[in-house]
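# Coordinates only, no sequence provided:
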Ligand SMILES: CC(=O)N[C@H]1[C@@H](OP(=O)(O)O)O[C@H](CO)[C@@H](O)[C@@H]1O
Ligand SMILES: [Mg+2]
C-alpha cells in the first residue's frame, strides 16, 4: 500500500490522529443523522469526520462537500457532526461504515491503515495533487467553534483539500449552499436569502385577488428554539413582504437552546413552549428546532390552558400535497390521463410514525403513499424518484423535490402559456409551481423556507389556521422508549412496520392490536438513542396509551 500515500500524507494522518485520541471505551456510530454525543467529547469524531469529508470531495473529483456541526434538537451540552454530499443531500450511505471505522480507530496506526485500505478500495490515490473542498458551518452551541476547528484540522490532513468556514448557519442553509455551488449557481448566504425572499413575494403576487388575507392572518409568531433559525429570521424578517413576523426564543436573549421550546418539544409534549405569553393566544405560531431543519405549527388554545392545537409534519405535507395537486389540475384542465399537458409522476412519502389519519386523508385523495424507514436519508432518496416528490416525517422534517427535467418542462410550458395568454389560470399555476420549486429547499428539509411556503399557501387558499387543522383529525397516539440490553436484537421489515426478529414478538404485537379499534402499533430500535421506540395509535388517548404500554411490556420481557 506504500505507493498509495507518500510519507508526507502518512505523517499528516498520524499527527492528526494523535492530536485527537479516541478516549477508551468511546463508541461512535454515524446513525440516523451523523455522530452525536456530549459536545466536549466530540473532538476526535469531528476531526475524523473532517478527514472523511475531504476524502469524499477527492472521490467526487473535487466537488464541494459540506460538514455541519450541530446536534439539532438535542440539549445544548450535546453536539454532533454530519456530512453533506455533492448534491446537497446526506452523505452516501455506503461511506458510513468507513466514517464509523475512522471515528472509532483506537490509535494513529489503526487510523492510517483504515484510511489506506479504504482509499485503495475506492480508487482514491492519496497525495497526488488532488483538489478537494469542504464547506463547514456550525450552529450556536458553545462547543461549536472548538469542534469546527477540529474539523478544519481533519480536512487539512488530506493533501490538496481546502476547508472553507461558512460561519454560523442553519443546517439547511449549508445543504443549499453546497448544492448550489456544485450546480454552478449563486451560492452565498445572501443568495439563499434573496432566493427565499423573492420566490415568496412571487407566490404572494400569484394569490388570487379575492383571497386577500386579513390582519389576523398576517401575524405569525415564530419559536426559534433559542437557536440559529431565530437569529436568521430576525435578520431577514423585515424584508419578507406580507407577513407580520414576531420571533420568540430568538437566540438573542437568555433562553437555553431547545430547552422546553422548539419543534421537537412542541411536537412531542404538545404544550405551550417557554417564551410565549398572553399576547400570542389564538395566533398562528410556527416552531423551528435548534438547527432549523424541522418545522411544526401550533396555536395556544387559551390563556388558562397549557395545551396547544398542533399541526405536525403530516399536516404540513397534506397542505403541500393539496397545493401542488391543485396547480397540476389547473394546468391539465379536464384532459383525461392520456392527454395531459403535464403528465406528472407525483410521489408522497411518509414513515411509520405518520399519523394514520394523515395517510387515510392522502389515500382518499387517490394518492399512493410510499413508506420508508425513519430518517431523512431514506425519505429524500425515495422522493428523488419522482417528478415531484413530497416527504415529511411527523416531527416536521421534510420538503418538496422537483426533478430538473420536470422544472424545465414547467419552464417551457410557462412561456408557452404566457405567449398565448399571459395571466391565464394555467400560466399562473405553472408560475406558482416554479416559484415553489425556488422557495422550498431542494437539498433537505428547511424550517425557514418551509414556513414561507406554508404561509404562501394559506394566503393562496384564503385559509385560517383552523381551516388547516380541520383537514382531518389526528388519531390519538403514544410513543414510549424501552431500555433493553441490546436494541439491535430487534430487526424490522416493511419500512419498520413489522418485526421479523426476535421471533414471536410480532405475533404478540398483532395479538394486542386486535383488542383495539383503529389500533396500530410498531417497535423499532432508535438510530440516535440507545432505546427501542414503541409507537401506538388507537381511537382514544386511553386506548393508545394502553396499547403502547402492553407492547412495551412484551419488548421488555423478551429483550430483558
Ligand atoms: C421517532 C423520531 O422522531 N425519530 C427521529 C430520530 O430518529 P430515531 O432513529 O428514531 O432515533 O431522530 C432522527 C434524526 O433527527 C429523525 O430523523 C427521526 O425522525
Ligand atoms: Mg434538526
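Received, thanks. No experiment lies behind these values; they were computed from the predicted model shown. Ligands and ions are numbered 1, 2, ... in the order given.
# and residue 366, how many neighbours does it have?
Around residue 366 there are 7 other residues, counting by other Cβ atoms under 10 Å. Where C-beta positions appear, they are placed from N, C-alpha and C, glycine not excepted.
# Now do the phi/psi pair for it.
Taking degrees, to the nearest 10, you get phi 90, psi 10 for the backbone angles of residue 366.
# mind checking pLDDT for it?
For residue 366, the model assigns a pLDDT of 94.
# do the one 5 residues further on as well
On pLDDT, residue 371 comes in at 98.
# For it, the count of nearby residues, please.
Burial of residue 371 is recorded as 17 neighbouring residues (other Cβ under 10 Å).
# what mean pLDDT does stretch 529-542 have?
For stretch 529-542, mean pLDDT is 95.
# now that stretch, how far from the centre of its chain.
22 Å (Cα atoms, centre = their mean, to the nearest Å).
# Could you check how far residue 25 is from residue 140?
Separation of residue 25 from residue 140 (Cβ to Cβ, to the nearest Å) stands at 30 Å.
# So the two - more neighbours on which side?
In this view residue 25 and residue 140 are compared by other Cβ under 10 Å, and residue 140 has more residues nearby, 19 against 5.
# what does the protein have sitting close to ligand 1?
Among all residues of the chain, those adjacent to ligand 1 (criterion: Cβ under 6 Å from any ligand atom) are 32-33, 72, 353, 374-376, 393, 395, 397, 526-529, 533.
# Quick check, residue 230 in contact with residue 247.
Yes - taking Cβ atoms under 8 Å as the definition, residue 230 is a contact partner of residue 247 at 5.1 Å.
# joint contacts of these two?
Any residue near both residue 230 and residue 247 by Cβ atoms under 8 Å, 6 or more residues apart in numbering counts here, and that gives 222, 224.
# Which of these two has more residues huddled nearby?
Counted by other Cβ under 10 Å, residue 230 and residue 247 do not tie: residue 230 has more neighbours, with 28 against 22.
# who touches the helix or strand where the more buried one lies?
Applying DSSP states H and E as the criterion places residue 230 in helix 228-236. Residues external to helix 228-236 that are found in contact with it (Cβ under 8 Å, 6+ apart): 139-140, 168-170, 173, 193, 196-197, 222-224, 245, 247-252, 288-292, 447-448.
# Give the buried subset of those residues as a PyMOL selection command.
Those of these that count as buried under 16 or more other Cβ atoms under 10 Å are selected in PyMOL with:
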select buried, resi 139+140+168+169+170+173+193+196+197+222+223+224+245+247+248+249+250+251+288+289+290+291+292+447+448
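# out of the contacts of helix 228-236, which are inside strands?
Among the contacts of helix 228-236, the ones falling in strands (DSSP state E) are 168, 222-223, 245, 247-248, 288.
# Among those, pick out the one closest to residue 265, please.
residue 223 (8.9 Å; Cβ to Cβ).
# residues contacting the closest one?
Here residue 223 is in contact with 230, 248-249, 261-263, 266, 273, 275-276, 285-288 (criterion: Cβ under 8 Å, 6+ apart).
# Where does confidence bottom out across the residues of the chain next to ligand 1?
Here the lowest pLDDT out of the residues of the chain next to ligand 1 sits on residue 32, with 74.
# Relative to residue 175, how far out is it?
Plainly put, residue 32 is 16 Å away from residue 175 if you go by Cβ to Cβ.
# Kindly report the same for residue 324.
With the distance defined as Cβ to Cβ, residue 324 ends up 22 Å from residue 175.
# Compare these two (neighbour count), which wins?
Of the pair residue 324 and residue 175, residue 175 is the one with more neighbours under other Cβ under 10 Å, namely 28 against 21.
# Please name the nearest non-neighbouring residue to that one.
Among residues not flanking residue 175 along the chain, residue 443 sits closest, at 3.8 Å (Cβ to Cβ, 6 or more residues apart in numbering).
# now do residue 200
Nearest one to residue 200, counting by Cβ to Cβ, 6+ apart, is residue 452 at 4.4 Å.
# cool, and residue 471?
Nearest non-adjacent residue to residue 471, counting by Cβ to Cβ, 6+ apart: residue 318, 5.5 Å away.
# Mind checking what secondary structure that neighbour has?
Here residue 318 takes the helix state, with states given by DSSP: H, G, I helix; E, B strand; the rest coil.
# What about it, how many residues nearby?
23.
# Do you know the pLDDT at the residue in the stretch 101-250 of the chain that ligand 1 sits nearest to?
The shortest separation between the stretch 101-250 of the chain and ligand 1 is 10.2 Å, found at residue 171 (distances taken as Cβ to the nearest ligand atom). In this model, residue 171 is scored at 98, pLDDT.
# any chance you could map the helices in the stretch 401-550 of the chain?
In chain order, the stretch 401-550 of the chain shows helices spanning 404-421, 425-439, 447-461, 465-469, 505-513, 541-559, with DSSP state H, counting those that start in this stretch as the criterion.
# right, so of these, which gets closest to ligand 2?
Closest to ligand 2 of these, according to Cβ to the ion: helix 447-461, at 8.3 Å.
# can you state the direction angle for that closest one and strand 244-248?
Between helix 447-461 and strand 244-248, the angle comes out at 140 degrees (axes from the mean of the first three to the mean of the last three Cα atoms, to 10 degrees).
# is helix 447-461 up against ligand 2 anywhere?
No - where contact is defined by Cβ under 5 Å from the ion, no part of helix 447-461 touches ligand 2; the two come within 8.3 Å at best.
# and that helix, how far out from the chain's middle?
Using Cα atoms, centre = their mean, the distance from the centre of helix 447-461 to the centre of the chain it belongs to is 17 Å.
# And for stretch 128-148?
Using Cα atoms, centre = their mean, the offset of stretch 128-148 from its chain centre is 20 Å.
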